[in-house]
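> Give me the fold of what follows.
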Amino acid sequence: MNPKPSRPKRHYPLNIFILVTLLAILLAVWYATDYLGDRQTDDVRWYPAAPCELPEETCTAELQAERKILFDLDNEDPKPLDLLPMTVQLEGFSDAELDSLRLELDLQGRDMYMGYNRTPFEHQGDGVFTASPLLGLCTDEVMVWRASVMIHPTLGKSYGSYFDFTVTQRNFR
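Residues are numbered from 1 along each chain as shown. From the prediction side, this is the model:
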């Protein structure tokens, strides 16, 4: 009979190290997804815009404390996969407030979430902000797009408004 070879007794610090590493990876993944989720679903107070027809006219949204957002599409015939220049005019803000604000645009299909798609606005002075995002490809012949303008103050809760406009594929083909 052959005696079984005896295995040397080992301490298992490697297993503890593996367990700690796996826990650290899981914690990092949880933190990253939580952080990105917060960035995508910013807690924004939305103010309704007055009815308007983009791009033919300027749209307006009344904010708190007699402040306004005026929104313009600077393209009379928006087409998929084209740059879409737009202008935001903020009224009722002091120069110091305007310099400290950060504005972002979220461009989505009104009835279709299209992922994280934010474009920063650039302050041109006198309360005028501009951006030129790329308009995505329409999946339907006629698609309603939503341009959400978010105003992020240095302190306090973000707020904004959204403006809808229609793009037809026949302009693209």
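> And the strands in this protein, which stretches?
44-46, 59-62, 68-73, 86-91, 102-109, 118-120, 122-125, 128-131, 142-152, 158-168 (DSSP state E).
> Ok, which of those comes nearest residue 80?
strand 158-168 (6.4 Å; CB to CB). From N, CA and C alone the C-beta is placed, and that goes for glycine too.
> May I see the buried residues of that closest one?
Using 16 or more other CB atoms under 10 Å as the test for burial, strand 158-168 gives 158-165, 167-168.
> Can you tell me which of these is closest to residue 152?
Looking across the buried residues of strand 158-168 and measuring by CB to CB, the closest to residue 152 is residue 158, at 4.7 Å.
> show me what contacts that closest one?
Contact partners of residue 158, counting by CB atoms under 8 Å, 6 or more residues apart in numbering, are 42-45, 150-152.
> Now the two most distant members of the residues you listed.
So, the contacts of residue 158 by CB to CB: farthest apart are 43 and 151, at 13.0 Å.
> quick one: which of those two has more around it?
Legend: neighbour count by other CB atoms under 10 Å for residue 43 and residue 151, higher for residue 151 (24 against 8).
> On the pLDDT front, check that one for me.
With respect to pLDDT, residue 151 scores 95.
> contacting residues for the closest residue to it other than its chain neighbours?
By the measure of CB to CB, 6 or more residues apart in numbering, the closest residue to residue 151 outside its immediate chain neighbours is residue 160, 5.2 Å from it. By CB under 8 Å, 6+ apart, the residues touching residue 160 are 44-47, 69, 148-151.
> Surely residue 98 is in contact with residue 89?
No - using CB atoms under 8 Å, residue 98 makes no contact with residue 89, being 10.7 Å away.
> Mind listing the residues bridging to the residue nearest to residue 151?
Counting by DSSP bridges, residue 160 is bridged to residue 46, residue 150.
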